[in-house]
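Chemist: give me a 3D structure for the following:
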Amino acid sequence: MSNGTTSSPSSTAASPRSNGAPEPLASRRHTIRLLLIVSAIAVAGLLRAHTPGAGGPVVPPPGSRVPLYLSVIGLQLGFVWFISLGLRARGHRVVDLIGRGWRSPLDGLRDGGLAVLFLLVLHGCSLALRALLGPSPTDAAFLLPLGALETLLWVAVAITAGVCEEIVFRGYLQPQLWALSGKLPLAIVLQALVFGLAHLYQGWRPALVTVVYGLAFGALAAWRRSIVPGAIAHSLIDVIGGLWPH
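Modeler: Here you go, the predicted model:
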């Protein structure tokens with residue numbers, strides 16, 4: 001955890017410019033490459049979800065998801081590593097993306113409480129959206145854990161994804177798009193769309209719900225000037241979604 005001296009995801013590690021937008025965290029080329037990687041992985045995941053025997057309606061036996069879970073953890077860490085390369089070229093670090101640090105235990109309790117409240121609100125919104133949109137034709141059962149080992153690994157996957165995705169999308173992409181566009185609301189919307197694209201393998205309806213999540217996480221990060229509450233809430237949502245799917 002940072003010591004209160006790190007910069008926020010809504011202001012970045014650099015000083016803001018005259019129009020209020022931060023300086024870019026990395027080059028345009030680095031950001032374009034990230035978007036291309038996300039798009040490629042989204043397409044690959046979507047094809048896998050619709051391929052019989054590689055996802056689809058066939059539910060694999062317990063233990064078969066272990067390589068998948070390990071690869072997801074590796075992929076998430078790989079995204080953060082890729083972000084670090086772009087940051088390093090501009091003299092920044094991944095830790096700079098965390099935002100406002102905790103000066104006392106009260107700050108940690110505040111962020112934790114805010115994360116739980118945020119989770120409950122998002123869960124309610126998710127149920128309402130799913131009821132409105134109807135069930136997804138894409139079967140994501142191949143992702144859900146079976147057995148003790150897969151359950152433990154799912155928790156690890158959920159925490160890794162919750163932290164890493166907040167670093168990538170709200171810690172890096174949102175302020176980077178703000179810097180490039182000069183408009184924070186536009187940056188929040190764009191990063192949410194990319195966030196939804198990254199989850200398109202679940203089907204367009206769940207991906208649309210994910211866009212709404214991305215908007216909420218982006219607004220929370222901009223408001224709190226920290227990705228910590230969002231990372232806690234994100235991790236909890238993923239843990240609950242895998243262990244107690246609805």
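
Chemist: my read: G230 touches R170, true?
Modeler: Yes - using CB atoms under 8 Å, G230 makes contact with R170 at a distance of 5.9 Å. (Glycine included, C-beta is placed from N, CA and C.)

Chemist: identify the contacts common to those two.
Modeler: F217, A221 (CB atoms under 8 Å, 6 or more residues apart in numbering).

Chemist: elements contacting the longest helix belonging to the chain?
Modeler: Longest helix in the chain, counting residues (DSSP state H): helix 105-133. Packing partners of helix 105-133 (3 or more CB pairs under 8 Å, 6 or more residues apart in numbering; DSSP states H and E): helix 204-224, helix 228-243.

Chemist: list the buried residues of the last one.
Modeler: The reference is to helix 228-243. 228-239, 241-242 (16 or more other CB atoms under 10 Å).

Chemist: returning to that earlier point: tilt between the longest helix of the chain and helix 228-243?
Modeler: 50 degrees (axes from the mean of the first three to the mean of the last three CA atoms, to 10 degrees).

Chemist: return stretch 142-151 as PDB; C-alpha atoms alone will do.
Modeler: Extracted in PDB, the C-alpha atoms of stretch 142-151 (Å, rounded to 0.1, in the frame of the first residue of the first chain):
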ATOM      1  CA  PHE A 142     -16.600 -23.900 -18.300                       C
ATOM      2  CA  LEU A 143     -15.200 -21.100 -16.100                       C
ATOM      3  CA  LEU A 144     -16.900 -22.000 -12.800                       C
ATOM      4  CA  PRO A 145     -15.000 -24.100 -10.300                       C
ATOM      5  CA  LEU A 146     -15.700 -27.600  -9.200                       C
ATOM      6  CA  GLY A 147     -14.000 -29.300  -6.200                       C
ATOM      7  CA  ALA A 148     -11.800 -27.900  -3.500                       C
ATOM      8  CA  LEU A 149      -8.700 -27.300  -5.600                       C
ATOM      9  CA  GLU A 150     -10.500 -25.400  -8.300                       C
ATOM     10  CA  THR A 151     -12.400 -23.400  -5.600                       C
END
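
Chemist: so A156 is in which element?
Modeler: helix 147-165 (DSSP states H and E).

Chemist: who touches the helix or strand that that helix is followed by?
Modeler: Using DSSP H and E, the next helix or strand after helix 147-165 towards the C-terminus is helix 174-181. Contacts to helix 174-181, defined as CB under 8 Å, 6+ apart, come from residues 9-12, 21-26, 28, 31, 97, 184, 186-188, 190-191, 218, 221-222.

Chemist: among those, which lie within helices?
Modeler: R28, T31, L184, L186, A187, I188, L190, Q191, G218, A221, A222.

Chemist: which of those are buried?
Modeler: T31, L184, A187, I188, L190, Q191, G218, A221, A222.

Chemist: let me know the closest of those residues to V66.
Modeler: Q191 (31.2 Å; CB to CB).

Chemist: ok, the closest one touching G171?
Modeler: No - taking contacts as CB under 8 Å, Q191 lies outside contact range of G171: 10.2 Å.

Chemist: enumerate every residue touching the residue most central in space within the chain.
Modeler: Nearest residue to the geometric centre of the chain (CA atoms, centre = their mean): E165, 2.9 Å. Shown in contact with E165 (CB under 8 Å, 6+ apart): Q76, F79, F195, A198, H234.

Chemist: how much space separates it from L109?
Modeler: Taking CB to CB, to the nearest Å as the measure, E165 falls 24 Å from L109.

Chemist: go on, Y69?
Modeler: Distance, Y69 to L109, by CB to CB: 31 Å.

Chemist: between these two, who's got more neighbours?
Modeler: Higher neighbour count among Y69 and L109: Y69, with 21 against 11, using other CB atoms under 10 Å.

Chemist: backbone phi and psi for S226, please?
Modeler: phi -160, psi 150 (degrees, to the nearest 10).

Chemist: and it, what pLDDT?
Modeler: With respect to pLDDT, S226 has a value of 94.

Chemist: I'm done for today, thanks for sticking with me.
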